[in-house]
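Peer 1: A structural model of the following input is requested.
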Amino acid sequence: SKLISSLLPLNSEVSPPVLVIFFSFMKEELRESWEEPTDPQAQQEIINSIEEVYFSNDAFDIVKYELERLPPVLSLQELEEYRDKLKQQQAAVSKKVADLILEKQPAYVQELERVTSLQNGLQLAAVICADGRRYLA
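Peer 2: Okay, the predicted model is just below:
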């Protein structure tokens, strides 16, 4: 609750879709938090161990890539170990992204306040214009 309120700007009205996305993201982060490496150096090593192909363009088909890498004879234990490795990499990347988001949060709040102020100014200008039109009509 404190984390969530610290991420949202003070006295702001956030649209419901934004909140749904935000809370979905936080729920997923909390669910996977037990998998996160706690040591920043270990986390960075895990991130560094990720193959370059995963950082390619959006057209890259990761599912096809992974399926083509499977050996002809599948071992359940090897598959589970590989799955666990991928989950650990995903958790490390998610943690890094969350850390970067939290690092940039004050700038986000400041920009959101500017946008809100601009929005209020535009609403006031619209009212003034409407009043002016009525006066001229």
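
Peer 1: ok, and what's touching stretch 58-70?
Peer 2: Contacts to stretch 58-70, defined as C-beta atoms under 8 Å, 6 or more residues apart in numbering, come from residues 53-54. Heads up, the C-betas are built off the backbone N, CA and C, glycines and all.

Peer 1: Report the rounded mean pLDDT for it.
Peer 2: The predicted model gives stretch 58-70 an average pLDDT of 86.

Peer 1: Then stretch 83-91?
Peer 2: 92.

Peer 1: List the buried residues for that stretch?
Peer 2: 88-89, 91 (16 or more other C-beta atoms under 10 Å).

Peer 1: With secondary structure as new columns, can those be given to me in CSV?
Peer 2: Shown next, in CSV, are the buried residues of stretch 83-91 (DSSP: H, G, I helix; E, B strand; the rest coil):
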residue, secondary structure
88, helix
89, helix
91, helix
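
Peer 1: just the strands in the chain please.
Peer 2: Assigned by DSSP state E, the chain shows no strands.

Peer 1: what about it, any weak spots by pLDDT?
Peer 2: Residues of the chain meeting the criterion pLDDT under 70: 1-37.

Peer 1: what about residue 95, neighbour count?
Peer 2: For residue 95, the count of nearby residues is 21 (other C-beta atoms under 10 Å).

Peer 1: I'd guessed it sits against residue 40; true?
Peer 2: No. Contact between residue 95 and residue 40 fails when scored by C-beta atoms under 8 Å: they sit 9.3 Å apart.

Peer 1: Return the member of the buried residues of stretch 83-91 nearest to residue 71.
Peer 2: Taking C-beta to C-beta as the measure, residue 71 lies nearest residue 89 of these, at 20.1 Å.

Peer 1: what's the spacing between that closest one and residue 82?
Peer 2: 11 Å (C-beta to C-beta, to the nearest Å).

Peer 1: Same check on residue 108?
Peer 2: From residue 108 over to residue 82 (counting by C-beta to C-beta), the distance is 36 Å.

Peer 1: What ranges does this structure have for its helices?
Peer 2: Using DSSP state H, the helices of the chain run over 2-7, 16-32, 40-48, 62-69, 76-136.
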